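**Student:** I'll drop the sequence and a predicted model, then ask my questions.
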Amino acid sequence: MSTANLVPETIDLTADERAIDTIRAAGAKTLLRDGLQRLRVADGFSHSRAMAFQLVLALIPGTIVLVAIASELRWESLSNAIIRSVESLAPGPTADVFREAFGQGEDAGSTESGWTALSVAGPALLIAGTTAFGQVERTANRIYGVEADRPSRRKYTVAALMMLTAGTLSGLYFLIVGLGGAWIGDVGESPWATAWWILRWPVGLGLLAAANALVFKISPKRSQPRLPWLAFGGLVGAVGSLLVTLLLTLYLNASEGFGQTYGALAGFMGVLLWAYATSIAMFYGLACAAQLEAFRAGAAAPRDETKVSESEPDAVPVPYGTAAMHPGGSR
């Protein structure tokens, strides 16, 4: 059971208050620190492991579907863009797993039974993706201190909606970051190519932040604040996802021991490690968004001491300090 403190809904508080003002009042460093504590006490790391499993189940059929569609339509530039996007972001031996999926997708698209193959991979992607976003709701509720999820039918209907919206934005992020100069040439060939090579990163980061904010808006079973109040957590999650991808890429490419240890399983282990780290980054962003709203409501302590388990009998409640001084504290 989650021991994260319930975040009071702030939809009835003054609408003229800006998120940036509350961030300044709370302090970004404090929000980041207490967001991490909220993630921990909500058992967010265990939920991230479950989310990583669901992501892996969705990634491979998703790759096959996209490349197969591009090949079926003879859209070679799109097919190459998908391949480049994943190879540029997939850490080390992880890319080998996706290369096999690329080959299966291209084979499916280049044969007469291409659409038949897609009819198999497509439902697999839909089921895995919807289940993954269902896991997002469960984690989001625990982070906000909500103990019960939506009824199953409603929960997975919302999850399917998030997959079609936020999932599409996330896919665009991978494509834009991976495209590089594919549309207008390589760096140095023209000023436009150089500009695109640089701008694709902030554009892609903005798309991923928007996807995160949309998920944060829809997934918890509560009335969420307006999107500007969720943008802080969305940006934290997006930056975290990008950083863990880059760090894992450097580590796995530089580490000879990783491939020697796992052998033929190195690619799948890389996928799992990447998915786990990415899930932690997203849920950490959500925890920071929850902390911002909690501070706004004057209930910013991440931990509900009334729920502390008996395994911690010596735990001493620590007052949050400045939360009660926040002008939004009275309801």
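**Tutor:** Structure's in. What do you need? Residues are numbered from 1 along each chain as shown.

**Student:** where's the closest residue to Ala42 other than its chain neighbours relative to Ser219, distance?
**Tutor:** Spatial nearest neighbour of Ala42, excluding adjacent residues (C-beta to C-beta, 6 or more residues apart in numbering): Ala4 at 4.0 Å. For every residue, glycine as well, the C-beta is placed using N, CA and C. Ala4 sits 15 Å away from Ser219, going by C-beta to C-beta, to the nearest Å.

**Student:** and what of Pro151?
**Tutor:** 15 Å.

**Student:** please enumerate the helices of the stretch 51-200 of the chain.
**Tutor:** For the stretch 51-200 of the chain, applying DSSP state H, counting those that start in this stretch gives helices covering 76-89, 94-110, 114-143, 152-179, 191-218.

**Student:** buried residues in the third one?
**Tutor:** When neighbours are counted by 16 or more other C-beta atoms under 10 Å, the buried residues of helix 114-143 are found to be 114, 117-118, 121-122, 124-126, 128-143.

**Student:** how about the contacts made by Glu293?
**Tutor:** Residues counted as contacts of Glu293 (C-beta atoms under 8 Å, 6 or more residues apart in numbering) are Val7, Thr10, Pro225, Trp229.

**Student:** filter those residues down to just the ones in helices.
**Tutor:** Trp229 (DSSP state H).

**Student:** tell me if I'm right that Ala289 and Pro228 touch.
**Tutor:** No. Using C-beta atoms under 8 Å, Ala289 is not in contact with Pro228; the gap is 10.9 Å.

**Student:** is the nearest residue to Ile11 once chain neighbours are set aside part of a helix or strand, or is it coil?
**Tutor:** Leaving out its chain neighbours, the residue that sits closest to Ile11 by C-beta to C-beta, 6+ apart is Ser223, at 4.8 Å. At Ser223 the chain is in coil, as set by DSSP: H, G, I helix; E, B strand; the rest coil.

**Student:** could you list the low-pLDDT ranges of this structure?
**Tutor:** Flagging of the chain using pLDDT under 70 yields the residue ranges 1-2, 12-16, 67, 69-117, 177-190, 193, 252-253, 255-267, 304-331.

**Student:** the residue nearest to Ile11: neighbour count?
**Tutor:** 9 (other C-beta atoms under 10 Å).

**Student:** ok, now how distant is Arg40 from Phe283?
**Tutor:** 11 Å.

**Student:** and what of Trp201?
**Tutor:** For Trp201 relative to Phe283 (C-beta to C-beta), the value is 23 Å.

**Student:** any idea which of the contacts of Glu293 is closest to Arg33?
**Tutor:** Looking at these and their distance to Arg33, the nearest is Val7, at 16.6 Å (C-beta to C-beta).

**Student:** list the residues that contact the closest one.
**Tutor:** Counted by C-beta under 8 Å, 6+ apart, Val7 has contacts Tyr144, Gly145, Arg222, Ala290, Glu293, Ala294, Ala297, Ala299.

**Student:** the second one is in contact with Ala4, isn't it?
**Tutor:** This points to Gly145. Yes. Counting by C-beta under 8 Å, Gly145 touches Ala4, with 4.8 Å between them.

**Student:** show me which of those two is the more surrounded one.
**Tutor:** Ala4 (29 against 25).

**Student:** how close does that one get to Gln291?
**Tutor:** Counting by C-beta to C-beta - Ala4 and Gln291 are separated by 10 Å.
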